[in-house]
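Participant: Fold the stuff below for me.
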Amino acid sequence: MLHLDSNSQVFDQIYLDNFPALHRYAYTIVNDRELAEEIVHQVFLKILERKKPLKIHTSVKAYLFRSVNNECLNHLKHQNVKQNYQNYATDNMENQVETPSGMLAYKELEKRLAEAINALPEQCRTIFQLSRFEELKYMEIANQLGISIKTVESQMSKALKRLRIDLADYLPLIVWLLVIKLWD
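Facilitator: Purely as a prediction, here's the structure:
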């Protein structure tokens, strides 16, 4: 039986000896190098954070591989739960927008958005529309309007701040619409 704690030079040696193989193993499960590294680090961190020394009755290598396997499976399970929730939330929101009250809220949002954009100062509105509707980069907007990039940045910041304030009541619907657009 091996007693493993954070104050031990044995721990450091076990980490150095096993990290490369554990990383390769985690990578075969999650198929992401950085995530695999994070998972292996998490396993060792959990060992370090234990209040009592870890008592390993089998081989250290077997214990570490089993721990990495479990951590990978937990991560994948968590990702699956997140994906299922996103799917549920998307379906639920789509059903809400398809209802008469949902369509009314969407139409009201469109109206309020148009009013809020039209209420922006002229240069600010022009820059916002070129950025968001024409999908021009700040440099392209600056060149087209003959102004500096800093002016474009400050005007966009001003526009977004004003729109956030004016459309605060519609934030949940706006977020949902943005999420749907990103997934399409």
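Participant: alpha carbons only for contacts and neighbour counts from here, please
Facilitator: OK.
Participant: Any buried residues in stretch 56-74, and which?
Facilitator: Val60, Leu64, Phe65, Ser67, Val68, Asn69, Glu71, Cys72 (16 or more other Cα atoms under 10 Å).
Participant: Inside helices: which ones of those?
Facilitator: Using DSSP state H, the subset of the buried residues of stretch 56-74 located in helices is Val60, Leu64, Phe65, Ser67, Val68, Asn69, Glu71, Cys72.
Participant: can you pull out the helices in this structure?
Facilitator: For the chain, the helices defined by DSSP H cover 9-30, 33-49, 60-98, 100-118, 122-132, 138-145, 149-166, 171-183.
Participant: average pLDDT across the third one?
Facilitator: When the per-residue pLDDT values of helix 60-98 are averaged, the result is 78.
Participant: got the angle for that helix vs helix 9-30?
Facilitator: If you take axes from the mean of the first three to the mean of the last three Cα atoms, to 10 degrees, helix 60-98 sits at 40 degrees to helix 9-30.
Participant: The fifth one too?
Facilitator: Our comparison of helix 122-132 with helix 9-30, counting by the same axes, to 10 degrees, yields an angle of 80 degrees.
Participant: Tell me how far Leu22 lies from Phe65.
Facilitator: In this view, Leu22 and Phe65 are 6 Å apart by Cα to Cα, to the nearest Å.
Participant: swap in Leu104?
Facilitator: 55 Å.
Participant: residues touching Leu120, list them.
Facilitator: With contact set as Cα atoms under 8 Å, 6 or more residues apart in numbering, Leu120 has these partners: Ala159, Arg162.
Participant: Equivalent analysis for the one 3 residues further on, please.
Facilitator: Taking Cα under 8 Å, 6+ apart, we find Gln123 in contact with Gln155.
Participant: got the CA coordinates for stretch 117-124 in PDB?
Facilitator: What follows is stretch 117-124, C-alpha atoms only, in PDB (Å, rounded to 0.1, in the frame of the first residue of the first chain):
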ATOM      1  CA  ILE A 117     -31.200  52.600 -33.800                       C
ATOM      2  CA  ASN A 118     -33.000  55.600 -35.300                       C
ATOM      3  CA  ALA A 119     -32.600  57.500 -32.000                       C
ATOM      4  CA  LEU A 120     -28.800  57.200 -32.200                       C
ATOM      5  CA  PRO A 121     -26.900  60.300 -33.400                       C
ATOM      6  CA  GLU A 122     -26.300  60.200 -37.200                       C
ATOM      7  CA  GLN A 123     -22.600  59.200 -37.300                       C
ATOM      8  CA  CYS A 124     -23.100  56.700 -34.500                       C
END
